[in-house]
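In: here are the coordinates; sequence isn't available:
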């Protein structure tokens, strides 16, 4: 018999979430399962998609991040799950928790940054709530809509589909190493990586374009890392993945080489990147990638969906397992 | 020249909110002004009303509150502003921040409590986000709809209207005194007050009934205290109020008498009561109060709207000013 869990640390974030689900009365009309990262309810023939994501100073803010960068990250976190469902945002509301001795200039930069991240994603910072708290908290709730028949889910990937992403991976993995582990040279390279890592985009337009094709079989964002996203898609769709083209930016490869790190690890396990990871029938590649290009995005084919529940990376003739690792709150 | 404000403490919560507004690009299609407690956007002919309210352990949790009571308060805070706009909730999403060493049983009681408060208000706890934080944070975002033509606002009260509330005031004022100031005897009385104060209702059904009449000229909830609500309504509608019937429960009067406190202070300045405060033409009293009764609620006439911007209480032949006091974060 396993030892009884007493604190949240004993369960871990994902254990907690699974266990919370049993305590909640399911809404029969829900359009997304409880294991998705957003909720959706029917409203006048459309799906109303709602997502909240809380940024917490002690766990989510890297040393040296500016107020603008913190606000940007919080906004993208809130919007990215709407993108993964193919929803068009109606707006964002924000609950702020600020320590009483926060500088007015810092708070102004946060609010200005939240306004900016909303406007850059063609939506609005509609309002919210302001509170006094012990540490900085930014909770963004994003609301949007998508036609019910077009909503993107995690659970429809089929063997024979291809798997693609809206961008490359590795910037945040490299930045975490640079900041947290002290692998910080050469500085120019780190600064370029930092700029990419701290100004991600929620793939809102790409998500809507993908939803409008009607042929995307599964979709998730990569906010917990590409490896974790693959494992989530795999569990929801009961399929496996063979990845043969891991898209890693050159500057991340350079950073890895300079610091004796594995670029594959940086790309797979970094987390806090906000690309969409989607599957669809291989023969539809041209039409789907063109739809994404039409809205200014791009799609990179990274591999194929297979029947076996394996998650393997094939690179340079070698085969390597993709581990179920990613950032987790309440981890031991 | 006034001294330059440097920290949020120097501005106070309401100063901060006014000042934040200037940093945010207004959404032209918004159906509620930026000074309202919720936001509303048009959606397929209806108003989609969204509200978030953050409960913070260090400022919002009274000593001795159980997990269930905390969750109940957080849920009611989120739902009450929907009630004040006349909206019917579609559901609630919740961002939780929990210290890593939180007991599993405590977290379970929180989640169960949030489910319970949603179900008791005939809506659903749809999902949300779970995070590790330094103190307990519960941010409830409630989403609902109301026909655009029926949405209730703060700014339409007219001289000659009457002003009414959906319930009595004083329980939380008395409880705060009992717990925070140590006026805690006699115990039986405090326990009865505590029960009322910690199990408030968001007046969801009453709000919808009031909205459906089409004749309510202004509406607000009393979460910052009755006095503050009157001042907010007054500022938004550019009118004054003469209150001649302050509804105070007998047990609060008893508590006040026993502890040498003023029951009027308990009723006016307590805060965290969630009654609706509404105005409408005096001649419509019968029809409006009957509509509220039909959904199981009640309406108490407390006074009248006047042209002068005064806020006065007439009681037992005496006249007394209602001060603009209420709970405020970041207060000096």
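Out: Here it is on my side, so go on. Just so it is clear, the model here is predicted, and its values are computed rather than measured.
In: where do the helices sit along chain A?
Out: A:8-11, A:13-21, A:57-60, A:67-84, A:104-120, A:171-180, A:187-197, A:204-213, A:226-237, A:250-258, A:263-269, A:285-294 (DSSP state H).
In: buried deepest among the ones you listed, which one?
Out: helix A:67-84 (a mean of 27; mean count of other Cβ atoms under 10 Å in any protein chain shown). In short, each C-beta sits where N, CA and C put it, glycine included.
In: apart from its neighbours in sequence, what residue is nearest residue A:103?
Out: Leaving aside its chain neighbours, residue A:103 sits nearest to residue B:7 (6.1 Å; criterion: Cβ to Cβ, 6 or more residues apart in numbering or on different chains).
In: re earlier: turn the helices of chain A into JSON lines, including distance to residue A:91 and mean pLDDT.
Out: Formatted as JSON lines, those follow (distance: least, Cβ to Cβ, whole Å; pLDDT from 0 to 100):
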{"stretch": "helix A:8-11", "distance to residue A:91": "32", "mean pLDDT": "86"}
{"stretch": "helix A:13-21", "distance to residue A:91": "26", "mean pLDDT": "82"}
{"stretch": "helix A:57-60", "distance to residue A:91": "22", "mean pLDDT": "95"}
{"stretch": "helix A:67-84", "distance to residue A:91": "10", "mean pLDDT": "98"}
{"stretch": "helix A:104-120", "distance to residue A:91": "7", "mean pLDDT": "97"}
{"stretch": "helix A:171-180", "distance to residue A:91": "27", "mean pLDDT": "92"}
{"stretch": "helix A:187-197", "distance to residue A:91": "27", "mean pLDDT": "93"}
{"stretch": "helix A:204-213", "distance to residue A:91": "13", "mean pLDDT": "98"}
{"stretch": "helix A:226-237", "distance to residue A:91": "26", "mean pLDDT": "96"}
{"stretch": "helix A:250-258", "distance to residue A:91": "34", "mean pLDDT": "95"}
{"stretch": "helix A:263-269", "distance to residue A:91": "33", "mean pLDDT": "96"}
{"stretch": "helix A:285-294", "distance to residue A:91": "24", "mean pLDDT": "98"}
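In: make CSV from those and add distance to chain B to it.
Out: Converted to CSV, these look like this (distance: least, Cβ to the nearest Cβ, whole Å):
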stretch, distance to chain B
helix A:8-11, 5
helix A:13-21, 5
helix A:57-60, 5
helix A:67-84, 9
helix A:104-120, 5
helix A:171-180, 17
helix A:187-197, 20
helix A:204-213, 16
helix A:226-237, 15
helix A:250-258, 27
helix A:263-269, 19
helix A:285-294, 25
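In: which among the ones you listed is found nearest to residue B:301?
Out: helix A:104-120 (40.6 Å; Cβ to Cβ).
In: just how off-centre is the closest one within its chain?
Out: Relative to its chain's centre, helix A:104-120 lies at 21 Å (Cα atoms, centre = their mean, to the nearest Å).
In: got the contact list for that helix?
Out: A:66-72, A:74-76, A:79, A:91-92, A:94, A:96, A:98, A:124-125, A:138, A:140, B:5-8, B:10-11, B:16, B:19-20, B:23-25 (Cβ atoms under 8 Å, 6 or more residues apart in numbering or on different chains).
In: one more pass at 6 Å, please.
Out: A:67-68, A:71-72, A:75, A:92, A:94, A:98, A:124-125, B:5, B:20, B:23-25 (Cβ atoms under 6 Å, 6 or more residues apart in numbering or on different chains).
In: between helix B:13-21 and it, find me the angle.
Out: 40 degrees (axes from the mean of the first three to the mean of the last three Cα atoms, to 10 degrees).
In: mind listing what the most centrally placed residue in chain A touches?
Out: Nearest to the mean C-alpha position of chain A, by Cα atoms, centre = their mean, lies residue A:223 at 2.2 Å. Shown in contact with residue A:223 (Cβ under 6 Å, 6+ apart): A:80, A:274.
In: same question for residue A:150.
Out: Taking Cβ under 6 Å, 6+ apart, we find residue A:150 in contact with A:86, A:211.
In: go with 7 Å
Out: Going by Cβ atoms under 7 Å, 6 or more residues apart in numbering or on different chains, residue A:150 touches A:86, A:211, A:212, A:214.
In: what residue spans form the domains of chain A?
Out: A:8-150, A:161-321 (automatic domain parsing).
In: next, the distance between the ends of the shortest one.
Out: Okay, so that is domain A:8-150. End-to-end distance of domain A:8-150 (Cα to Cα, to the nearest Å): 37 Å.
In: please apply the same query to the longest one.
Out: End-to-end distance for domain A:161-321, by Cα to Cα: 20 Å.
In: give me the number of residues near the residue lying closest to residue A:237 once chain neighbours are set aside?
Out: Excluding the flanking residues, the one nearest residue A:237 by Cβ to Cβ, 6+ apart is residue A:157, at 3.7 Å. Residues near residue A:157, counting by other Cβ atoms under 10 Å in any protein chain shown, number 28.
In: and the gap between residue A:157 and residue A:315?
Out: 21 Å (Cβ to Cβ, to the nearest Å).
In: how about residue A:288?
Out: Residue A:288 is 24 Å from residue A:315, by Cβ to Cβ.
In: got a list of what the residue lying closest to residue A:194 once chain neighbours are set aside touches?
Out: Nearest residue to residue A:194 in three dimensions, chain neighbours excluded: residue A:175, at 5.6 Å (Cβ to Cβ, 6+ apart). Applying Cβ under 7 Å, 6+ apart to residue A:175 gives the contacts A:193, A:194, A:197.
In: cutoff 10 Å now
Out: Contacts for residue A:175 (Cβ atoms under 10 Å, 6 or more residues apart in numbering or on different chains) come out as A:62, A:184, A:190, A:193-198, A:252, A:255, A:266, A:270, A:272.
In: ok so, going back, now the domains of chain A in CSV, with distance to residue B:303?
Out: Converted to CSV, the domains of chain A look like this (distance: least, Cβ to Cβ, whole Å):
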stretch, distance to residue B:303
domain A:8-150, 29
domain A:161-321, 49
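In: just to revisit the earlier point, what separation do you get for the residue nearest to the centre of chain A and chain B?
Out: Separation of residue A:223 from chain B (Cβ to the nearest Cβ, to the nearest Å): 11 Å.
In: based on its surroundings, how many neighbours for residue A:34?
Out: 16.
In: thought it was touching residue A:236?
Out: No - the pair residue A:34 / residue A:236 is not scored as a contact, 11.4 Å apart, by Cβ atoms under 10 Å.
In: surely residue A:302 is in contact with residue A:164?
Out: Yes - checked against Cβ under 10 Å, the pair residue A:302 and residue A:164 is within contact range at 6.2 Å.
In: of those two, who's got more company?
Out: More neighbours surround residue A:164 than the other of residue A:302 and residue A:164, with 25 against 21 (other Cβ under 10 Å).
In: returning to that earlier point: list residues touching both of residue A:302 and residue A:164?
Out: A:245, A:247, A:277.
In: which residues are in contact with the second one?
Out: The reference is to residue A:247. Neighbours of residue A:247 in contact, by Cβ under 10 Å, 6+ apart: A:164, A:165, A:167, A:168, A:169, A:170, A:226, A:267, A:275, A:300, A:301, A:302.
In: so which of these are in strands?
Out: Taking DSSP state E, the ones among the contacts of residue A:247 that sit in strands are A:164, A:165, A:300, A:301, A:302.
In: which two among those residues are spaced furthest apart?
Out: Once Cβ to Cβ is applied, the ones in strands among the contacts of residue A:247 give A:165 and A:301 as the farthest pair, at 8.7 Å.
In: I'd say residue A:230 and residue A:322 touch.
Out: Yes - the pair residue A:230 / residue A:322 is scored as a contact, 5.9 Å apart, by Cβ under 10 Å.
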